[in-house]
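[1] my questions are about this predicted structure, shown below with the sequence.
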Amino acid sequence: MKPYRTIRSILYAQPMDMGGLPIRQPFPSAKAERPDPFLLLHHANIQVPSHLETRHAGVGPHPHRGFSPVTFIFEGGVHHRDSRGNNNVVYSGGTQWMHAGMGVIHSERPPADIHELGGRQELIQLWVNSPAEHKMDQPSYQPLTAADTPVIKTADGLVQLNIIAGELDGVTGPIQTLTPLNAFTAQIKTGGKYTVTLPAGHQAFIYLLDGKLLVNEADEVSGHYAVIFNQDADTISFEGLENTRLLIASGKPLDEPVVANGPFVMNTETQVMEAFRDYQLGKMGVLIEE
């Protein structure tokens, strides 16, 4: 057996307020820098108010440039609209992968039928940095449904991995990425075991939405914690101590300067100032929600 990746840090996802929406954020934090190429992780678990029209709930129109905001949907759904004309709903088990490129305005609302689904919206949004050579590409949007997401299941039925991007054990995810990336969601029931093999040169982390895992046969990790691993091996093992849902991600580090300000992530202060200017001048388009 190859040695397991060692753990660099275990980070608690602190509760935060984001424009009136309660979220949890394990990174970035005072205890950890961004795990390149990943910039930020938000975990939201929200009961959509029944008295509020869905077109007024969620996150209204806002701009991005220079990275990919990726949404993994665990419960409910997300209605995505953007200034490039995309208008799409993806439900539980699906993913919305948007490359903001040179600039786009989008909104992320609950779907019109959210209350028929129980009214709860649970998701992870992960910001994936774009390399300098692609920061000013034309924006793109890739919706992926649960039905179109390849799955790996263990023979005992205790582990299911959903392969969204990259490759695991011969199964390839449908999402096309700008740089080498892996993104999987997983459900591990109590007693379930799995060993994931990732490229040794990738930065890797996991985030537990709930439950409890034994990681690398040594460390217990509970829900609302992220684990960032060192780049010193290629395997990570999991054993379910409780029923657990998690996100597993890895990516080749970009090793480029990161200058982030609000919704823009570029390589220099000047580029960020240009992004604000272009947004104010309307160069990222217009989003009128109907």
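    Good, I have the coordinates. Being a predicted model, the structure only gives us computed values, none of them experimental.
[2] in what helix or strand does Tyr279 lie?
    helix 269-280 (DSSP states H and E).
[3] go on, Ile164?
    With DSSP H and E as the criterion, the answer for Ile164 is strand 159-165.
[4] Ser237 and Ala226, how far apart?
    Remark: distance between Ser237 and Ala226 (Cβ to Cβ, to the nearest Å) = 17 Å. The way it works is simple: take the backbone N, C-alpha and C, and place the C-beta from them, glycine included.
[5] in terms of neighbours, single out the busier of these two.
    Here Ser237 and Ala226 are compared on neighbour count by other Cβ atoms under 10 Å; more neighbours surround Ala226, at 25 against 17.
[6] quick check: closest non-adjacent residue to that one.
    Pro26 (3.7 Å; Cβ to Cβ, 6 or more residues apart in numbering).
[7] right, and the one you found touches Tyr207 too?
    Yes: using Cβ atoms under 8 Å as the test, Pro26 is close enough to Tyr207 to be in contact (6.3 Å).
[8] which neighbours do the two share?
    13, 41, 43, 225-226 (Cβ atoms under 8 Å, 6 or more residues apart in numbering).
[9] I'd like these as CSV, with secondary structure, distance to Val272 and pLDDT appended.
    Below are the shared contacts of Pro26 and Tyr207 laid out as CSV (DSSP: H, G, I helix; E, B strand; the rest coil; distance: Cβ to Cβ, whole Å; pLDDT from 0 to 100):
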residue, secondary structure, distance to Val272, pLDDT
Ala13, coil, 27, 96
Leu41, strand, 21, 97
His43, strand, 26, 98
Tyr225, strand, 31, 98
Ala226, strand, 26, 97
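[10] kindly provide the distance from the residue nearest to Gly211 when sequence neighbours are not counted to Gln121.
    Leaving aside its chain neighbours, Gly211 sits nearest to Thr244 (2.8 Å; criterion: Cβ to Cβ, 6+ apart). Between Thr244 and Gln121 the distance, using Cβ to Cβ, works out to 20 Å.
[11] just Thr268 next, same as before
    Relative to Gln121, and taking Cβ to Cβ, Thr268 is found at 36 Å.
[12] what's the answer for Ala226, then?
    Counting by Cβ to Cβ, the gap from Ala226 to Gln121 is 21 Å.
[13] contacts only, for the closest residue to Gly157 other than its chain neighbours.
    In space, not counting the residues next to it along the chain, Gly157 is nearest to Lys189; the distance is 7.8 Å by Cβ to Cβ, 6+ apart. When contacts are counted by Cβ under 8 Å, 6+ apart, Lys189 is found next to 157-159, 240, 243.
[14] which member of those is positioned nearest Lys283?
    When these are compared for distance to Lys283 (Cβ to Cβ), Val159 comes out closest, at 46.5 Å.
[15] report the contact partners of that closest one.
    Val159 makes contacts with 152-153, 186-189, 192-194, 238, 240, as judged by Cβ under 8 Å, 6+ apart.
[16] mind doing that once more with 6 Å?
    By Cβ atoms under 6 Å, 6 or more residues apart in numbering, Val159 lies in contact with 188, 192, 194.
[17] the last one touches Ile236, doesn't it?
    No: judged on Cβ atoms under 6 Å, Tyr194 makes no contact with Ile236 at a distance of 9.2 Å.
[18] can you map out the helices along the stretch 101-250 of the chain?
    According to DSSP state H, counting those that start in this stretch, the stretch 101-250 of the chain carries no segments that qualify as helices.
[19] let's see the pLDDT reported for the residue nearest the centre of the chain.
    For the chain, the residue sitting closest to the mean C-alpha position, by Cα atoms, centre = their mean, is Leu126 at 2.8 Å. The confidence metric pLDDT takes the value 98 at Leu126.
[20] so what's it up against?
    With contacts taken as Cβ under 6 Å, 6+ apart, Leu126 has the following neighbours: 41, 70.
[21] quick one: it from Gln47, how far?
    In this structure, Leu126 and Gln47 are 22 Å apart, going by Cβ to Cβ.
[22] who does Gly251 form a beta bridge with?
    With DSSP bridges as the criterion, Gly251 is bridged to Leu181, Gln203.
[23] returning to what we had before: could you pull up phi and psi at the residue nearest to Gly157?
    In this entry, Lys189 is assigned phi and psi values of phi -80, psi 160 (degrees, to the nearest 10).
[24] packing partners of the helix holding Tyr279?
    Applying 3 or more Cβ pairs under 6 Å, 6 or more residues apart in numbering; DSSP states H and E, one finds that helix 269-280 contacts strand 259-261, strand 264-266.
[25] helices and strands around the last one, which ones?
    When you say that, I think you mean strand 264-266. Counting contacts by 3+ Cβ pairs under 6 Å, 6+ apart, the secondary-structure elements packed against strand 264-266 are helix 269-280.
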